[in-house]
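Undergrad: sequence and computational prediction follow.
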Amino acid sequence: MRYRTRVTAPAALLGTVAALSVAAPAHADPETATPGPETGTPGPETLGDPVFPGLGNDGYRVSSYDLDFAYDASTRLVDATVTLTLTTTQELSRLSLDALGLDVHEVLLDGVQAAREQAGQKLRITPAAPLAAQTTATVTVTYTVDPRAALAPTAWVPTPDGFAVCPQPNAAHTVFPCNDHPSDKADFTFRVTVPAGLKGVASGRLVSTEDLGDGRTAYCYRSREPIATELVQITVGDYVIKDRQGPHGLPLRDVVPTARATALEPALALTPNLVSWIEQRLGAFPFETYGLLPCNNDASNAFDFTGLETQTLTLYKPNFLLQAEKSIGSHMMHELVHSYFGNSVSPATWSDLWLNEGHADFYGLLYRYERGWADSLGLTTMEARMKDTYARGDQWRRTSGPVAAPNEANLFDSQRYLGGVLVLYALRQQVGENVFAAIESTFLGRFRNASASTADYIAVASEVSGADQSGFLRDWLYGTKTPRMPGHPDWTVTPVSSALRQPQSRPSAPHDNSATL
């Protein structure tokens with residue numbers, strides 16, 4: 001049975017999310033079967049996330065997704081079929097999937113056509129008879145989607161020769177109908193069919209290539225470990241696949257625009273040493289392969305970040321990787337660390353994002369300073385950067401809230417990145433480097449291939465250190481004032497100025513707040 005962690009964010013953060021407010025009226029498709037009188041209980045159309053309360057659907061858990069994509073280069077459309085295998089957790093007279101911008105043609109439940117309707121960002125599915133609790137069922141949705149469609153949100157990144165996807169945090173359901181929440185991880189199989197001259201690539205390892213005899217080729221990929229929907233990667237383009245070997249025989253695979261492969265090679269060649277460095281600190285790489293995907297689109301509006309972790313492939317803008325190693329190595333480490341924190345161990349809710357970004361920046365900065373590369377402030381040690389960050393603590397808590405209490409607007413701002421680093425630095429100061437390393441390895445091992453909450457991390461820290469760390473860490477993570485830094489009684493916090501008293505209300509750009517850039 002796949003483990004799904006409990007949601008342990010403080011109750012005050014959860015708010016009232018039991019009822020989903022849909023932004024658009026429900027539209028039943030006249031071509032679907034007409035359901036009989038509804039009995040039983042419809043599945044809740046939310047998982048109660050404190051940041052994205054409309055994401056996810058309760059009443060079932062997904063064990064696998066089977067995605068079949070066919071890209072038409074002449075129309076630039078994708079014809080797709082997704083089959084979900086799920087298990088109900090209660091009797092369901094109706095279930096829903098997250099779906100937006102998809103032209104749905106048919107929905108089958110266990111091979112039988114089912115009634116459907118689109119309600120806002122939910123695809124509601126009504127079986128002919130209620131599904132009993134603990135029933136395993138398959139849902140197959142056939143649809144067409146335009147990667148260039150103007151949607152908010154959207155995961156699609158159109159390119160001159162195809163597309164890539166960037167689903168984080170709340171847009172996987174613009175690519176395929178799904179239970180779009182990181183707490184419901186599942187196994188994935190991908191079949192990507194493309195015309196001559198293009199390659200289809202996805203998360204996981206290539207398991208077969210089929211020449212369809214009409215100028216098209218179908219590439220099939222399968223994940224060895226479960227994937228959160230926000231971490232899926234599917235891409236089509238004029239690519240060359242560059243294979244190399246990482247530490248301990250780990251297969252490394254880069255997916256590179258053919259015309260830029262030579263220019264990008266110096267950056268791609270850095271990966272083996274990066275993997276070796278992080279394995280010495282966090283253990284064996286958790287997935288079957290790793291590599292970079294310099295998506296063939298450098299436009300400023302292509303996507304609003306520099307790099308994005310998708311499982312087994314990190315998505316980049318190519319121009320970023322054309323810089324010298326000292327300008328990119330620290331951020332490449334940041335994205336690599338997400339394979340451990342964020343991908344292998346996913347957040348239980350989006351309020352737990354600091355676990356992803358704080359850890360990624362923590363090790364990314366350690367890597368930078370170990371190599372003597374000054375950061376964006378001209379600082380060259382972790383202690384100096386943390387002293388500077390500590391001084392900003394009360395200002396950030398005022399404008400961005402506590403580290404582990406984000407909202408949608410400030411989810412990806414510096415408080416989740418450097419603020420998260422400061423929490424980890426404080427914990428390391430509190431327990432010592434050896435105990436801190438043991439906390440990290442225990443947490444990663446215990447929650448591998450699952451989701452974990454902030455409370456789970458606090459529990460592991462207390463267990464491994466042999467002392468109750470809950471008060472200490474909750475002050476750092478949820479307090480409105482910055483606590484004293486262990487080992488540095490002389491560090492001071494800059495008082496909050498009147499100009500910085502209002503909470504941030506504008507959306508922040510993902511990843512560009514990372515201190516590793």
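TA: Cool, got the structure. Numbering: from 1, shown residues only.
Undergrad: which phi and psi does residue 399 have?
TA: Phi and psi for residue 399, reported as degrees, to the nearest 10, are phi -90, psi -30.
Undergrad: measure it to residue 180 for me?
TA: According to CB to CB, to the nearest Å, residue 399 and residue 180 sit 29 Å apart. All C-beta spots, glycine's among them, are computed from the backbone N, C-alpha and C.
Undergrad: and residue 456, by the same measure?
TA: For residue 456 relative to residue 180 (CB to CB), the value is 22 Å.
Undergrad: with residue 378 instead?
TA: From residue 378 to residue 180 the distance is 41 Å (CB to CB).
Undergrad: the more surrounded of these two?
TA: The neighbour comparison of residue 378 against residue 180 (other CB atoms under 10 Å) goes to residue 180, with 30 against 7.
Undergrad: how about that one, phi and psi?
TA: Note on residue 180: backbone dihedrals following degrees, to the nearest 10 are phi -90, psi 70.
Undergrad: so it sits against residue 169, correct?
TA: No. Counting by CB atoms under 8 Å, residue 180 does not reach residue 169; the two are 9.4 Å apart.
Undergrad: shared neighbours, those two?
TA: Residues touching both residue 180 and residue 169 (CB atoms under 8 Å, 6 or more residues apart in numbering): residue 230.
Undergrad: residue contacts, residue 343?
TA: So residue 343 contacts 227-228, 231, 286-287, 309, 311 (CB under 8 Å, 6+ apart).
Undergrad: that one and residue 47, how far apart?
TA: From residue 343 across to residue 47, the span is 19 Å (CB to CB).
Undergrad: pull out the buried positions in stretch 197-212.
TA: By 16 or more other CB atoms under 10 Å, the buried positions in stretch 197-212 come out as 198-206.
Undergrad: got it, and stretch 148-164?
TA: Within stretch 148-164, the residues that count as buried by 16+ other CB under 10 Å are 153-159, 161-164.
Undergrad: so of these, which ones are in strands?
TA: Those of these mapping onto strands are 156-159, 162-164, per DSSP state E.
Undergrad: which residues sit against the helix or strand hosting residue 265?
TA: Secondary structure assigned from DSSP states H and E places residue 265 in helix 261-268. Helix 261-268 is contacted from outside by 240, 242, 244, 254, 256-257, 292, 294, 318, 321-323, 325, 328, 332, using CB under 8 Å, 6+ apart.
Undergrad: which of the residues you listed tops the neighbour count?
TA: residue 294 (28 neighbours).
Undergrad: export only the CA atoms of stretch 136-152, formatted as CSV.
TA: Extracted in CSV, the C-alpha atoms of stretch 136-152 (Å, rounded to 0.1, in the frame of the first residue of the first chain):
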residue,chain,number,x,y,z
THR,A,136,-10.1,-0.6,-7.4
ALA,A,137,-11.3,1.0,-10.7
THR,A,138,-9.9,2.4,-13.9
VAL,A,139,-10.8,5.8,-15.4
THR,A,140,-9.9,6.5,-19.0
VAL,A,141,-10.2,10.0,-20.4
THR,A,142,-9.7,10.7,-24.1
TYR,A,143,-9.1,14.3,-25.0
THR,A,144,-7.3,16.9,-27.2
VAL,A,145,-5.2,19.8,-26.0
ASP,A,146,-3.5,22.8,-27.5
PRO,A,147,-0.2,23.5,-25.8
ARG,A,148,-0.4,27.2,-27.0
ALA,A,149,-3.8,27.9,-25.4
ALA,A,150,-3.9,30.9,-23.1
LEU,A,151,-4.7,29.5,-19.7
ALA,A,152,-4.2,30.5,-16.1
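Undergrad: model confidence over it, on average?
TA: Average pLDDT, stretch 136-152: 96.
Undergrad: tell me the buried residues in it?
TA: Judged by neighbour count using 16+ other CB under 10 Å, the buried positions of stretch 136-152 are 137, 139-143, 145-147.
Undergrad: so which of the residues you listed sit within strands?
TA: Residues of those located in strands (DSSP E): 137, 139-143, 145.
Undergrad: from the contact counts, what lies against the helix or strand hosting residue 274?
TA: Using DSSP H and E, residue 274 sits within helix 271-282. Packed against helix 271-282 by the contact rule (3 or more CB pairs under 8 Å, 6 or more residues apart in numbering; DSSP states H and E) you find strand 239-245, strand 251-257, helix 325-337, helix 353-370, helix 433-446.
Undergrad: and the contacts of it?
TA: Residues outside helix 271-282 that contact it (CB under 8 Å, 6+ apart): 244-248, 250, 252, 254, 285, 290-292, 329, 332-333, 336-337, 340, 363, 367, 437, 440-441, 444.
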